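Engineer: sequence first, predicted model second:
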Amino acid sequence: MHVFLKDPRFRGIKPFSNKIWLSSPTMHGDEQRWVDEAIRTNWVSTVGANINEVEKTLADYIGVRYAVALSAGTAALHLATRLAGEKLYGQARPNAGTLGGHKVFCSDVTFDASINPVAYEDGEAVFIDTEYDTWNMSPAALEKAFELYPDVRLVVIAHLYGTPGKMEELKAVCDAHGALIVEDAAESLGAKYKLNGHWAETGTLGDYNCISFNGNKIITGSSGGMFLTDSKVDADKVRKWSTQSREAAPWYQHEEIGYNYRMSNIIAGIIRGQIPYLDEHIAQKKAIYERYKEGLKDLPVNMNPFDAENSLPNFWLSCLLIDPDAMAPHVRGEQEELWQQESGKSSPGEILSAISAFNAEGRPIWKPMHMQPIYRTHAFITSEGSGRGQSNAYIAGHSTDVGADIFRRGLCLPSDNKMTSEQQDGIIEIIHRCFI
Ligand SMILES: Cc1ncc(COP(=O)(O)O)c(C=O)c1O
């Protein structure tokens, strides 16, 4: 029996009989119809009515002229980054990436799929610290980064957990320095942001924009992604690159490196069935966020914040941040962690272990990219300057690292839209018991 089930603090709580997931697919039945239709009509390929329909419907919903359906959000981010690299630095040789050693400013607290395409394209990611208001890229840190590296011309910005970042300020900094933006809206489909007084969807806010239909996203195709743009030239190029870069010849003729990144018409059928439920899913996720906020308000924690005046998140994941003085001891190594119980306090390690013991799934905050072993040698810029090597053996000082702090004190809560209110109350109760 798990140690938590014997712990007197949790007396009377029973494990959930069915696992409560962090965020699992929610099917409605229409998906089957479009998948069956594809099979019945023999359009079991990377062309077909489902692909055409999801591209058109989502372009209309999001408010862009063109949407190109791809095999994954990662594929969309790769081709978006490649387009940006080609625009900035010209066409690359077949064995080289378009970013050829150039630095690219990148969101730090995000999934590595946001920024790995910079490496695929032979660029060097420089990580920009996070702000506390939305947990996204800090405009002040971005400004500082341009002071240190004035030649940089590309910025990759993700919206964390469905909460739009401070795009007006970030765009102003990028514009002032002539930099292009790759927008990673993988987690934020349906989230809205007030840019210069006008509401717009995330996925329209960069020069090259991407969304994902991964199994855990707000709507899903089991996998899949999309590149979004107002530029016909860019849309055509991504469509060409994603289908092996064929030239207009009767045979297979290639002048550019190609990829097999197009979406399948079967996957598109699932997405086609999901699209009508996007707004319903957002409403359910919002209700989950608000129930947590209310249920946890007496604890020394805060929910993941957003700018209520200028943004409408899609509330994909509900998260919490423990107050600094309510943190029980908790240390993390590269692959293991240790935490200790302390009265009146808790830690992400303890809460996630407790939730898991009662058959529910939470998750640590994305470990910041600048802390990842693979990117340890890359620059990291905070609002104060370089975030690396700022301690001094001789002089007392400090260094801010907002991303590391949110990773240390935060966690993602079970946010599945099929979770009942009673089940969510159970999660809220488990979290309360952790603070006993
Ligand atoms: C922020 C972010 N970017 C990119 C991706 C990659 O999308 P995909 O899994 O569709 O390749 C994901 C999720 O998977 C994500 O959360």
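Structural biologist: Cool, the structure landed. Residues are numbered from 1 along each chain as shown.

Engineer: now do the domain split for the protein, please.
Structural biologist: 3-25+278-434, 30-275 (automatic domain parsing).

Engineer: ranking those by burial, who's on top?
Structural biologist: Comparing the domains of the chain by mean neighbour count (mean count of other Cβ atoms under 10 Å), domain 30-275 ranks first with a mean of 21. All C-beta atoms are positioned from the backbone trio N, CA, C, and that covers glycine.

Engineer: and that domain, average pLDDT?
Structural biologist: When pLDDT is averaged over domain 30-275, the result is 98.

Engineer: start and end of that domain, how far apart?
Structural biologist: For domain 30-275, the separation between the terminal residues is 10 Å (Cα to Cα, to the nearest Å).

Engineer: before we move on, what about stretch 143-162?
Structural biologist: End-to-end distance (Cα to Cα), stretch 143-162: 24 Å.

Engineer: from the chain's centroid, how far away is that stretch?
Structural biologist: Distance, stretch centre to chain centre, for stretch 143-162: 16 Å (Cα atoms, centre = their mean, to the nearest Å).

Engineer: touching the ligand at all, that stretch?
Structural biologist: Yes: remark: stretch 143-162 sits within contact range of the ligand at Ala158, by Cβ under 6 Å from any ligand atom.

Engineer: Phe127: helix or strand, and which one exactly?
Structural biologist: strand 124-128 (DSSP states H and E).

Engineer: could you do Glu187 as well?
Structural biologist: Going by DSSP H and E, Glu187 is not in any helix or strand.

Engineer: and the helices in the stretch 301-436 of the chain?
Structural biologist: Secondary structure of the stretch 301-436 of the chain by DSSP state H, counting those that start in this stretch: the helices cover 348-357, 402-409, 421-434.

Engineer: tell me who's in contact with Glu361.
Structural biologist: For Glu361, the contacting residues are 19-22, 355, 414, by Cβ atoms under 8 Å, 6 or more residues apart in numbering.

Engineer: show me the contacts for the closest residue to the ligand within the stretch 1-150 of the chain.
Structural biologist: Here the stretch 1-150 of the chain gets closest to the ligand at one residue, Gly73, 2.6 Å apart by Cβ to the nearest ligand atom. With contacts defined as Cβ under 8 Å, 6+ apart, Gly73 is in contact with 113, 184, 186, 210-214, 224-226.

Engineer: CSV for the helices of the stretch 301-436 of the chain, including distance to Glu256 and mean pLDDT?
Structural biologist: CSV is the format used below for the helices of the stretch 301-436 of the chain (distance: least, Cβ to Cβ, whole Å; pLDDT from 0 to 100):
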stretch, distance to Glu256, mean pLDDT
helix 348-357, 45, 97
helix 402-409, 36, 98
helix 421-434, 50, 98
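
Engineer: pipe those helices into TSV and attach distance to Glu124 per row.
Structural biologist: Listed next are the helices of the stretch 301-436 of the chain as TSV, based on distance: least, Cβ to Cβ, whole Å:
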stretch	distance to Glu124
helix 348-357	31
helix 402-409	19
helix 421-434	40
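
Engineer: mind checking the ones you listed for the one nearest to the ligand?
Structural biologist: Using Cβ to the nearest ligand atom, the nearest of the helices of the stretch 301-436 of the chain to the ligand is helix 402-409, at 14.1 Å.

Engineer: how far out from the middle of the chain is that closest one?
Structural biologist: 16 Å.

Engineer: that helix to helix 348-357, inter-axis angle?
Structural biologist: Interaxial angle, helix 402-409 versus helix 348-357 (axes from the mean of the first three to the mean of the last three Cα atoms, to 10 degrees): 50 degrees.

Engineer: what does helix 402-409 contact?
Structural biologist: 108-109, 129-132, 135, 138, 321-324, 327, 330, 332, 348, 364-368, 370-371, 382.

Engineer: Gly224 is in contact with Ile271, correct?
Structural biologist: Yes: between Ile271 and Gly224 a contact is recorded at 6.0 Å, counting by Cβ atoms under 8 Å.

Engineer: list the residues that contact both of those two?
Structural biologist: In contact with both Ile271 and Gly224: 69, 213, using Cβ under 8 Å, 6+ apart.

Engineer: which helix or which strand is home to the nearest residue to Ser383 once chain neighbours are set aside?
Structural biologist: Among residues not flanking Ser383 along the chain, Ala140 sits closest, at 3.9 Å (Cβ to Cβ, 6 or more residues apart in numbering). Assigned by DSSP H and E, Ala140 falls within helix 139-148.

Engineer: after that helix, which helix or strand is next? Please name it.
Structural biologist: strand 154-158.

Engineer: please name every helix or strand in contact with that following strand.
Structural biologist: Judged by 3 or more Cβ pairs under 8 Å, 6 or more residues apart in numbering; DSSP states H and E, strand 154-158 is in contact with helix 73-89, strand 103-107, helix 167-176, strand 180-184.
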